[in-house]
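[1] What shape does this take:
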Amino acid sequence: MRNIFYLTLLITNLACSADTVVKLDDANIDLNDGLSIQRGARTYINYCLGCHQASYMRFNRLGDIGLSKEQIKEHLILGQQKIGSPMLNNMSKEDAESWFGVLPPDLSVIARSRGADWLYTYLRSFYRDSKTATGWNNLLFPNVGMPHILWEIQGVLTLKASDLDETRGELAVISKGHLNKIEYDGFVRDLVNYLVFMGEPARTLRVRIGIVILFALSIFLVLAWILKKEYWKDVTH
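    From the prediction side, this is the model:
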């Protein structure tokens, strides 16, 4: 029985180490930063929504980050979609499989599935690779089918020639983008901030309500203690 336990523990450790070969960078997101989430929403709609739907997210939930219905309609809704519509695109399954080999995943809860740090690292780890069908590869997700849609913003990176192990390599810039490294990191952080918000739009409100409830319960606790002390003073004496 003990041998089985140690074998299970060993397999678990190996599996965990296999998933953490590439060190994840800290996304350092802030769900209280409404402007960051707004910028991320704009990036998602302009660069991601064409391929990646968010079928569990509706445009009107963007009101939770301080946008009015008029702002959402004017700046974030494309085509004839209504403000209460889910974030869908017009790509058919057949076209997606023909172009990419597989239907791009729905991103409604991708941040809850992958985690903010994973997404932040992934979107900053693309590099040129002539051996792949798209011409792109990714340190965190080797042989990924997704091309680097943000390459004009980040610039073009390549894997250093001395790095034979692609899972541990370092990237070098061969062509600059519209943003420098610090600016692009902030750009991606805003996008990830939005993806985390989209995974649970009510999270910030839920936390605020929870704090209020705990505060109210603490008041009732004090009152209950005073009442108990007053009730039992004659009994104990």
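
[2] any idea of the mean pLDDT for stretch 78-98?
    Stretch 78-98 comes out with an average pLDDT of 87.

[3] What residues of the helix ranked longest in the chain count as buried?
    Longest helix of the chain, by residue count under DSSP state H: helix 203-236. Neighbour counts over helix 203-236 (16 or more other Cβ atoms under 10 Å) mark residue 204 as buried. In this view, the C-beta of every residue, glycine as well, is placed from N, C-alpha and C.

[4] Next: stretch 87-105.
    Of all the residues in stretch 87-105, those buried under the rule 16+ other Cβ under 10 Å are 87, 89, 91, 100, 103-104.

[5] Report the two of these separated the most.
    Spanning the widest gap among those are 87 and 100, at 19.1 Å by Cβ to Cβ.

[6] And for residue 78, nearest residue in space, chain neighbours not counted?
    residue 45 (7.0 Å; Cβ to Cβ, 6 or more residues apart in numbering).

[7] Now stretch 184-196: buried residues?
    So stretch 184-196, judged by 16+ other Cβ under 10 Å, has buried residues 184-185, 187-196.

[8] Redo these as TSV? Include secondary structure, pLDDT and distance to residue 72.
    As requested, the buried residues of stretch 184-196 are arranged in TSV below (DSSP: H, G, I helix; E, B strand; the rest coil; pLDDT from 0 to 100; distance: Cβ to Cβ, whole Å):
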residue	secondary structure	pLDDT	distance to residue 72
184	helix	98	26
185	helix	97	27
187	helix	98	21
188	helix	98	23
189	helix	98	22
190	helix	98	17
191	helix	98	18
192	helix	98	21
193	helix	97	18
194	helix	97	14
195	helix	97	18
196	helix	97	19
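
[9] Make CSV from the residues you listed and add distance to residue 83 to it.
    Formatted as CSV, the buried residues of stretch 184-196 follow (distance: Cβ to Cβ, whole Å):
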residue, distance to residue 83
184, 31
185, 32
187, 26
188, 27
189, 27
190, 22
191, 22
192, 25
193, 22
194, 18
195, 21
196, 22
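
[10] Of the residues you listed, which is the nearest to residue 171?
    Nearest to residue 171 among the buried residues of stretch 184-196, counting by Cβ to Cβ, is residue 184 at 12.4 Å.

[11] how is this protein carved up into domains?
    Following automatic domain parsing, the chain resolves into domains at 25-201, 211-237.

[12] tell me the most buried of those?
    Among the domains of the chain, domain 25-201 has the highest mean neighbour count (mean count of other Cβ atoms under 10 Å), at a mean of 16.

[13] now the end-to-end length of that one.
    Across domain 25-201, the terminal residues are separated by 24 Å (Cα to Cα, to the nearest Å).

[14] And stretch 82-98, by the same measure?
    Distance between the two ends of stretch 82-98: 29 Å, counting by Cα to Cα.

[15] ditto for stretch 28-45
    For stretch 28-45, the first and last residues are 22 Å from each other (Cα to Cα).

[16] before we move on, the earlier item: and the longest helix of the chain, average pLDDT?
    82.

[17] Mind giving me the packing neighbours of it?
    When contacts are defined as 3 or more Cβ pairs under 8 Å, 6 or more residues apart in numbering; DSSP states H and E, helix 203-236 packs onto no helix or strand at all.
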